[in-house]
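Undergrad: next input, structure requested:
(2 chains)
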Amino acid sequence: MAYSKDQLLARLKDLQIEFSQYEHPAVMTVEAQAKYVGNIGGGLSKNLFLKDKKHRFYIVSALADTKVDMKVLSQRLGLGKGGLRMAPEETMLEILKVPLGSVTPFALVNESARDVALLLDKGFKAQERCFFHPLSNDMSISLNTNDLDKFLKSIGRDPAYVDLEANPAVGKDQPPDLAAFVPSGSTVLPDLPDPASAVQSAGGSHVNANNNCKAATEKAIKPAKDVQNVKDKSAKAVNPSSSFTDAEKFVEEILDRISAKLLSETKEGNIAQQGQELGNEIANRLRKCCYPELKNLATIFKNTAYTQGFHAGKASSLTQCPRT
Amino acid sequence: MDKNEEKQREEEREQVVSPWEVSSSGKIDYDKLIDKFGCQRLDQSLVDRVQRLTGRPPHVFLRRGVFFAHRDLNDILDAYEKGEKFYLYTGRGPSSEALHLGHLVPFMFTKYLQDAFKVPLVIQLTDDEKCMWKNLSVEESQRLARENAKDIIACGFDVTKTFIFSDFDYVGGAFYKNMVKVAKCVTYNKVVGIFGFTGEDHIGKVSFPPVQAVPSFPSSFPHLFSGKDHLRCLIPCAIDQDPYFRMTRDVAPRIGYHKPALIESSFFPALQGETGKMSASDPNSALYVTDSAKAIKNKINKYAFSGGQESVELHRKLGANLEVDIPVKYLSFFLEDDAELEHIKKEYGAGGMLTGEVKQRLAQVLTELVERHQVARAAVTDEMVDAFMAVRPLPNMFD
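TA: Okay, here's the model as predicted:
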């Protein structure tokens, strides 16, 4: 199940990754860590575990000195202002399988973290070696970024280094430059209100679509569509997702899908064509590929509205004409 | 027993197509089937006609010949051209919770027909049939019917134009009156001849056929079609259901109703190859609507019968055998883009494209489909099922 520190170290050795390890008392902050390994050469890392409004998760791993502005990052990811916040501790345990204070890119070795995005500070590249926790904050290991890349590739990840301090404009004509990092799949969280059960149940496995779960469940949608269907948590019988009962959320969902498709279309080397032509071409392609998806959503919306009306009608006629 | 039919059945042992069994020693010969059953081929001129009348491109299943046979489709289209509407009737025997892609085929097509022609639809869930044939308890078959209803609804039917009913809930009243009328017109010998019943079969089975026949008659649904006794009916179904409707068409004029028209599909082949139809009871023969992207990819890679050659060199030289290749067949069902399909067939057939690439593209296409279905399925609540199944008027059914 969850990787242990020793298993990770063994795996690194298997991959012939060269690293140095330093044991120390458990440290909860970079400052505390610096007390023990600060004067050994190498960059200390600070690791943030973040989540967005659509319950997608991110590890942002940066040099201790790099300034990370959450608002800027949120915009660069295409999540709007204030779309990112610190992920709650339960999710750290659930998804990364590490406790508070131990967030590390190495946590991605866990299957449950499969859909967590990773942003690495390009500042790491300039360092000879960098320090990370090997799944436990009572040890730090230092290694070269090439070796970190080697490890990441071994777990099927494509290591990408980003200028985390950059603050490019994001607007109509400048798409969010980090949008590609937003996960297209999502981790499925079992019902969270009870932390005890959350730790017991297996995290990160896709829930069967036929499962009549009354808990909140989230569905994964394939690449190029990064929007999910979120079921509202409710104590009684399943309530329809608010995307299909609330006009605002419905429109948001539609616009999300359209912009996701738009982004994927503009990425594919269409920049060769210029101006008006590009616009038309994309508009046509969008229409073609969005149509079935959006029609699907609209039909669900209509059916949901009718269903609610139908039941309201039934209930109202019962109260108005009680039969003897 | 009809002597001719008995002899025919003996001769055609190699190919068995009935509502309860589909198997063949080789590939299913659809031309033979059309001849044997006596229905018509759905040719290109009809497809073009549908396109003209509906003002939209014909469904991919029509373009690729998945729906390839019909009875009286021309009459329906003639009437439609004159402004006479019709209604659709299709159904499902809820024998299992797990729906596979083959099950979705008639529903996907029916949805297209509903949207293109703007007509209402009744969907029959034959829970009684499964209770009898599969020996399920009444409660279990009813439960399965409701579960299947959810997947059916997820195909995108419009609740303002669709009535779903289960036999256990709905049979009675006008529906039952029609059942008796039909039953009176079919002798015991005839039904044994059509369906192959024996002296050992229980009487439930023998008296079941009228249940599947009468939804073809609008008077079976007084809450929907009252006063519209001459409304025509079009039945999209797989060709193995033809015997029921041959019987129905035989009876219809004798009780003063229009013969229902049919539009029939070939079978969705099993992953392992063309010799049968996808069966919900063999998990590796099928791709389920509940499968994850990973499972779909794995099943395709592991079990999909390939027409490619043994080695890459041989493949480049000889190309793939498209006749038996399952991934290409599946793509012809589900890949919307005609040009892309042609390209794949050409390249793969010549050896330029490898099986792996074709399988990869198939996995993409199917994953998209299945995931869209799962989103829709997740949004179907019990209340929505109740709404679809409520005996209620549909005032906007022709809008």
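
Undergrad: what stretches of chain B score poorly on pLDDT?
TA: Residues of chain B that meet the criterion pLDDT under 70 lie in B:1-14, B:19-26, B:274-282.

Undergrad: in the helix of greatest length in it, which residues are buried?
TA: Counting by DSSP state H, the longest helix found in chain B is helix B:355-378. By neighbour count, and taking 16 or more other CB atoms under 10 Å in any protein chain shown as the criterion, the buried residues in helix B:355-378 are B:355, B:358-359, B:361-378. Glycine gets a C-beta too; all of them are placed from N, C-alpha and C.

Undergrad: and chain A, which of the residues you listed contact it?
TA: With respect to chain A, and counting by CB under 8 Å from any CB of the partner chain, the subset of the buried residues of helix B:355-378 in contact is B:364, B:367-368, B:371-378.

Undergrad: of those, closest to B:E84?
TA: Minimum separation from B:E84 among those (CB to CB) is found for B:A376, which lies at 32.3 Å.

Undergrad: pretty sure that closest one contacts A:N296?
TA: Yes. The criterion here is CB atoms under 8 Å, and B:A376 meets it with A:N296 at 5.7 Å.

Undergrad: any shared contact partners between those two?
TA: Between them, B:A376 and A:N296 have B:G156 as joint contacts when contacts are counted by CB atoms under 8 Å, 6 or more residues apart in numbering or on different chains.

Undergrad: beyond the least confident helix or strand in chain A by mean pLDDT, next helix or strand please.
TA: Counting by mean pLDDT, DSSP states H and E, chain A has its least confident helix or strand at helix A:195-200, which shows a mean of 34. Once helix A:195-200 ends, the next helix or strand along the chain (criterion: DSSP states H and E) is helix A:247-267.

Undergrad: who's in contact with A:K67?
TA: A:K67 sits next to A:164-165 when contact means CB under 8 Å, 6+ apart.

Undergrad: repeat for B:L366
TA: Listed by CB under 8 Å, 6+ apart, the contact partners of B:L366 are B:101, B:287, B:296, B:300, B:330, B:334.

Undergrad: and the stretch 101-250 of chain B, which residues reach chain A?
TA: Contact residues (CB under 8 Å from any CB) of the stretch 101-250 of chain B with chain A: B:147, B:153, B:156-160.

Undergrad: tell me where the stretch 51-200 of chain B has helices.
TA: Using DSSP state H, counting those that start in this stretch, the helices of the stretch 51-200 of chain B run over residues B:60-63, B:73-81, B:101-117, B:127-133, B:138-153, B:167-170, B:173-184, B:188-195.

Undergrad: can you tell me what sits against the second one?
TA: Looking back up the chat, that one is helix B:73-81. Contact partners of helix B:73-81, identified using CB under 8 Å, 6+ apart, comprise B:40, B:42, B:46, B:49-50, B:53, B:86, B:117, B:232, B:234, B:261-263.

Undergrad: residue ranges of the helices in chain A, please?
TA: A:5-14, A:30-37, A:70-76, A:89-91, A:145-154, A:195-200, A:247-267, A:275-320.

Undergrad: highest average neighbour count across these?
TA: For the helices of chain A, the largest average neighbour count (mean count of other CB atoms under 10 Å in any protein chain shown) is found in helix A:70-76, namely a mean of 20.

Undergrad: now that one: mean pLDDT?
TA: pLDDT averaged over helix A:70-76 equals 87, rounded to a whole number.

Undergrad: please tell me how far that helix is from the chain's geometric centre.
TA: The gap between the average C-alpha position of helix A:70-76 and the chain average comes to 14 Å, counting by CA atoms, centre = their mean, to the nearest Å.

Undergrad: same for it, what does it pack against?
TA: Here helix A:70-76 touches strand A:84-86, going by 3 or more CB pairs under 8 Å, 6 or more residues apart in numbering or on different chains; DSSP states H and E.

Undergrad: quick check: buried residues in the strand it packs on?
TA: Of all the residues in strand A:84-86, those buried under the rule 16+ other CB under 10 Å are A:L84.

Undergrad: name the helices or strands packed onto that strand?
TA: Contacting strand A:84-86 under the criterion 3+ CB pairs under 8 Å, 6+ apart are the following elements: strand A:43-52, helix A:70-76.

Undergrad: who wins for proximity to B:V17 among the ones you listed?
TA: Using CB to CB as the criterion, the shortest distance between B:V17 and the helices and strands packed on strand A:84-86 is 53.1 Å, found for strand A:43-52.

Undergrad: what ranges do the helices span in the stretch 201-350 of chain B?
TA: Counting by DSSP H, counting those that start in this stretch, the stretch 201-350 of chain B has helices at residues B:203-206, B:209-213, B:222-225, B:242-251, B:293-303, B:312-318, B:326-334, B:338-350.

Undergrad: between those helices, which one is closest to A:Q75.
TA: A:Q75 lies closest, by CB to CB, to one member of the helices of the stretch 201-350 of chain B: helix B:293-303, at 30.0 Å.

Undergrad: before we move on, back to that, can you select the buried ones from the residues of the stretch 101-250 of chain B next to chain A in ChimeraX?
TA: Provided next is the ChimeraX selection string for whichever of these are buried by 16+ other CB under 10 Å:
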select /B:147,153,156,157,158,159
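
Undergrad: greatest separation within the residues of the stretch 101-250 of chain B next to chain A: which pair is it?
TA: In terms of CB to CB, these reach their longest pairwise distance at B:E147 and B:T160, which sit 23.2 Å apart.

Undergrad: most remote residue from the middle of chain B, which is it?
TA: Counting by CA atoms, centre = their mean, the extreme residue of chain B relative to its mean C-alpha position is B:E313, 40.4 Å from that point.

Undergrad: just to revisit the earlier point, where neighbours are concerned, which of the contacts of B:L366 has the most?
TA: Neighbours here are counted as other CB atoms under 10 Å in any protein chain shown. On that basis the top member of the contacts of B:L366 is B:L287, with 27 neighbours.

Undergrad: so who does the spatially closest residue to that one that is not a sequence neighbour touch?
TA: What sits nearest to B:L287 in space, not counting adjacent residues and going by CB to CB, 6 or more residues apart in numbering or on different chains, is B:L101, at 5.0 Å. Residues in contact with B:L101 (CB under 8 Å, 6+ apart) are B:268, B:278, B:286-289, B:333-334, B:366, B:369-370.

Undergrad: using PDB, write out every CA atom in stretch B:116-130.
TA: Below are the C-alpha coordinates for stretch B:116-130, written out as PDB (Å, rounded to 0.1, in the frame of the first residue of the first chain):
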ATOM      1  CA  ALA B 116     -33.600  13.600 -35.900                       C
ATOM      2  CA  PHE B 117     -37.300  12.900 -36.400                       C
ATOM      3  CA  LYS B 118     -38.600  14.600 -33.200                       C
ATOM      4  CA  VAL B 119     -40.800  11.700 -32.200                       C
ATOM      5  CA  PRO B 120     -41.700  10.100 -28.900                       C
ATOM      6  CA  LEU B 121     -40.300   6.800 -27.700                       C
ATOM      7  CA  VAL B 122     -41.500   3.900 -25.500                       C
ATOM      8  CA  ILE B 123     -38.900   1.700 -23.900                       C
ATOM      9  CA  GLN B 124     -40.000  -1.700 -22.600                       C
ATOM     10  CA  LEU B 125     -38.100  -3.400 -19.900                       C
ATOM     11  CA  THR B 126     -39.000  -7.100 -20.100                       C
ATOM     12  CA  ASP B 127     -38.300  -8.000 -16.500                       C
ATOM     13  CA  ASP B 128     -41.000 -10.700 -16.700                       C
ATOM     14  CA  GLU B 129     -39.200 -12.300 -19.600                       C
ATOM     15  CA  LYS B 130     -35.900 -12.500 -17.700                       C
END
